[in-house]
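> Test case, fold it:
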Amino acid sequence: MVEANVFTGYSVGGANSVVVSHLQFADDTLLIGNKSWANVRALRAGLVLFEAMSGLKVNFHKSSLVGVNINASWLSEAASVLGCKVGKIPFLYLGLPIRGNPRRLLFWEPIVNCIKSRLSGWHSRYLSFGGRLILLKSVLTALPVYALSFFKAPSETDRWIWLPDQISGYTVRGVYDLLTSQEQPHVHQNMELIWHNQVPLKVSILAWRLLRDRLPTKSNLVERGIISVENRFCVTGCGQVEDVNHLFLSCPIFGALWPLVRAWLGVEGVDSHTISDHCVQFIEYAGL
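Numbering: from 1, shown residues only. Coordinates of the predicted model:
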């Protein structure tokens, strides 16, 4: 239509101007042109002809007509002719805001909301812990990198607020100090073996959560207010509080498995009293 002078695109540049009439990726199409009723009629005719020739259907109800410095009444009348709704700036194309100031935090809200929706969707609740970890890594890697490849994040005009230090803001040193200042459980130097690439991911995650007392034992569920204090006792009915040390080591039902495991491995040893000592014991059995 542009070559036949039926539709007039938008001219960008001065002496060596370039006429832009459309941008298209898969089924997302952005049609760009000057304000004129000839363009409106050409668009309507072109889209109707596309439907007739391709057999595909253009969803006019999901399409929008957006104007730049154009009277609202003219836009409304043109949108009525096209059978679509009137959009406003900024709008999203391929997940990115079109127009707007990337130095303003408000500009990044659609991207932040997109990340939130991907991570908090109903389907994520049915993923395993390992699946959630993979989803978290993919979303936090792909979406920000995609956006930052087009726009520069706020630096001076507005800035993200780093809650642990709102004056100096985010620094690598600040994160290091924050992490090292927290009380960490004593972990043997060979505990890094739990993340070995030959160890299944679900096993690594279980071991990591176990060593840091992050499993949903009844003791932890009581602390989080999920169950009442009266329900904190071991599921076996032994009458003891169900924490990780009891559940995996000292419980007369579950703890009795470890002598059988040592006999199967052909090694001798005594029962440990803490999870970390227990893991170190079995690492030593393996000669690592």
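
> which residue is nearest the centroid of this structure?
Most central in the chain under C-alpha atoms, centre = their mean is Val139, positioned 3.5 Å from the mean C-alpha point.

> any idea how far that residue lies from Leu119?
6 Å (C-beta to C-beta, to the nearest Å). In this view, the C-beta of every residue, glycine as well, is placed from N, C-alpha and C.

> where in the stretch 151-288 of the chain is pLDDT low?
153-162, 169-172, 175-176, 179-192, 286-288 (pLDDT under 70).

> Do a quick rundown of the helices in it.
172-181, 201-211, 218-223, 244-245, 257-265, 275-285 (DSSP state H, counting those that start in this stretch).

> Just put the ones you listed in CSV and tack on mean neighbour count and distance to Leu31.
Shown next, in CSV, are these (neighbours: other C-beta atoms under 10 Å; distance: least, C-beta to C-beta, whole Å):
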stretch, mean neighbour count, distance to Leu31
helix 172-181, 10, 46
helix 201-211, 16, 46
helix 218-223, 17, 56
helix 244-245, 19, 61
helix 257-265, 12, 68
helix 275-285, 17, 62
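
> could the ones you listed be laid out in JSON lines, adding distance to Met1?
What follows is these, written out as JSON lines (distance: least, C-beta to C-beta, whole Å):
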{"stretch": "helix 172-181", "distance to Met1": "54"}
{"stretch": "helix 201-211", "distance to Met1": "53"}
{"stretch": "helix 218-223", "distance to Met1": "65"}
{"stretch": "helix 244-245", "distance to Met1": "69"}
{"stretch": "helix 257-265", "distance to Met1": "75"}
{"stretch": "helix 275-285", "distance to Met1": "70"}
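
> and of the ones you listed, who's closest to Gly46?
Distance to Gly46, taken as C-beta to C-beta, is lowest for helix 201-211 among the helices of the stretch 151-288 of the chain, at 51.0 Å.

> ok, residues contacting that closest one?
128-130, 133, 185, 187, 191, 194-196, 214-215, 244, 248, 275-276, 279 (C-beta atoms under 8 Å, 6 or more residues apart in numbering).

> if we go to 6 Å?
129-130, 194-195, 215, 275 (C-beta atoms under 6 Å, 6 or more residues apart in numbering).

> Run the chain-centre distance for it.
22 Å (C-alpha atoms, centre = their mean, to the nearest Å).

> re the thing from before, so how far is Phe282 from the residue nearest to the centre of the chain?
35 Å.

> What residues sit buried inside stretch 115-122?
115, 118 (16 or more other C-beta atoms under 10 Å).

> Touching it from outside, list them.
Contacts for stretch 115-122 (C-beta under 6 Å, 6+ apart): 139, 143.

> correct me, but Met1 touches Phe7?
Yes. Under the contact definition of C-beta atoms under 6 Å, Met1 touches Phe7, with a separation of 3.9 Å.
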